[in-house]
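S.K.: no FASTA, just this:
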């Protein structure tokens with residue numbers, strides 16, 4: 001992984017960039033986190049500076065022919081801010097109220113590629129579809145619905161997503177790799193999500209004896225005030241079963257089904273020229289499902305790191321392969337402590353820190369990440 005930090009002093013924007021280009025491959029991947037200096041400004045002013053920085057990044061010759069696959073905007077007030085933003089059709093987008101903890105009103109995660117065939121607005125939900133070497137990657141962000149409680153909304157969203165996948169001759173059980181569930185008032189609404197997801201998965205043969213899907217379920221407010229749940233998904237067609245491995249790290253983590261939750265701790269995808277690891281939202285937990293170090297943010301952070309690193313080790317990776325990190329904190333007063341710890345531990349990985357309560361009140365912090373590592377898998381097509 002190649003890391004680069006770009007400081008745009010004239011715009012007051014800092015860009016953390018991770019680039020992956022395998023020696024024998026043709027596809028380059030980038031993950032970027034864009035951070036706005038929190039000046040005494042309106043949201044429109046910060047958004048304008050961020051957008052100009054994004055355009056400047058894309059115009060750089062090193063990014064020639066790069067195409068944006070997805071965008072996620074982290075907002076401090078999604079309901080009021082999103083209507084002020086330009087409505088893009090360039091790629092699939094999510095807007096979520098998870099305030100950046102650096103004092104700004106907005107931050108941005110970008111995923112980009114060069115060397116693939118990209119189709120934007122590919123279906124009724126605005127998916128981005130990437131095709132190359134027999135694979136079809138389907139990225140669908142920002143799905144919401146207005147009606148019902150958290151159980152009913154989760155049920156509707158999953159059913160809508162299954163209908164969408166059917167249009168692409170895909171299914172949730174065979175092709176969905178990664179999900180993100182953002183939950184309004186997670187302390188009270190998360191149980192509805194858990195029950196609806198479990199019911200839906202059971203109907204499709206996704207059980208503790210088969211497999212689940214890597215996921216993050218975390219606090220976050222959709223733009224629509226009637227939406228209790230926002231769903232984002234990544235599905236992949238053209239991959240064989242032996243190209244997919246579920247990560248468990250049993251020395252450190254238990255199976256989520258032990259406490260009635262239905263997601264995988266992580267998923268490894270194997271391509272001819274690289275491997276991808278998608279690490280689910282991970283907190284300070286042991287292999288009995290118990291919260292570790294209640295009330296201690298530093299020790300919870302360290303245990304969380306240990307869990308994530310053990311999952312990556314199972315995938316024959318390390319955090320040196322990480323392309324991005326998202327950190328979720330329950331208490332914004334912990335930001336200075338945690339951000340300093342991350343700068344010392346993982347100084348180069350693009351990282352965003354957001355205010356987003358974890359699904360158990362006693363968890364003070366959670367993180368997720370995506371890692372990419374060069375591989376030689378001669379029986380599989382390149383990415």
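M.R.: Ah, there it is. Quantities reported herein were computed from a predicted structural model and do not represent experimental measurements.

S.K.: Would you double-check that residue 305 falls in a helix?
M.R.: Yes. Remark: residue 305 belongs to a helix, assigned using DSSP: H, G, I helix; E, B strand; the rest coil.

S.K.: which residues sit in contact with it?
M.R.: residue 345 (Cβ atoms under 8 Å, 6 or more residues apart in numbering). The C-beta positions use only the backbone N, C-alpha and C, and glycine is treated the same way.

S.K.: ranges for the helices of the stretch 201-350 of the chain?
M.R.: Per DSSP state H, counting those that start in this stretch, the stretch 201-350 of the chain carries helices over the ranges 297-314, 335-345.

S.K.: So for residue 285, which of those helices sits nearest?
M.R.: When the helices of the stretch 201-350 of the chain are compared by Cβ to Cβ, helix 297-314 sits nearest residue 285, at 6.9 Å.

S.K.: Which residues belonging to that closest one are considered buried?
M.R.: Neighbour-count burial for helix 297-314, with 16 or more other Cβ atoms under 10 Å as criterion, is recorded at 297, 300-305, 307-312, 314.

S.K.: what inclination does that helix have with respect to helix 335-345?
M.R.: 40 degrees (axes from the mean of the first three to the mean of the last three Cα atoms, to 10 degrees).

S.K.: Next, the buried residues of stretch 178-188.
M.R.: The neighbour-count check on stretch 178-188 (16+ other Cβ under 10 Å) flags 178, 179, 180, 181, 182, 183, 184, 186 as buried.

S.K.: now the end-to-end length of it.
M.R.: Counting by Cα to Cα, to the nearest Å, you get 24 Å between the two ends of stretch 178-188.

S.K.: again, but for stretch 373-381
M.R.: Start-to-end, stretch 373-381 (Cα to Cα) is 15 Å.

S.K.: would you turn the helices of the stretch 201-350 of the chain into TSV with distance to residue 118 and mean pLDDT?
M.R.: What follows is the helices of the stretch 201-350 of the chain, written out as TSV (distance: least, Cβ to Cβ, whole Å; pLDDT from 0 to 100):
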stretch	distance to residue 118	mean pLDDT
helix 297-314	28	98
helix 335-345	32	98
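
S.K.: For the nearest residue to residue 240 once chain neighbours are set aside, what are phi and psi?
M.R.: Distances taken as Cβ to Cβ, 6 or more residues apart in numbering place residue 380 nearest to residue 240, at 7.5 Å, with adjacent residues excluded. Backbone geometry at residue 380, expressed as degrees, to the nearest 10, gives phi -110, psi 150.
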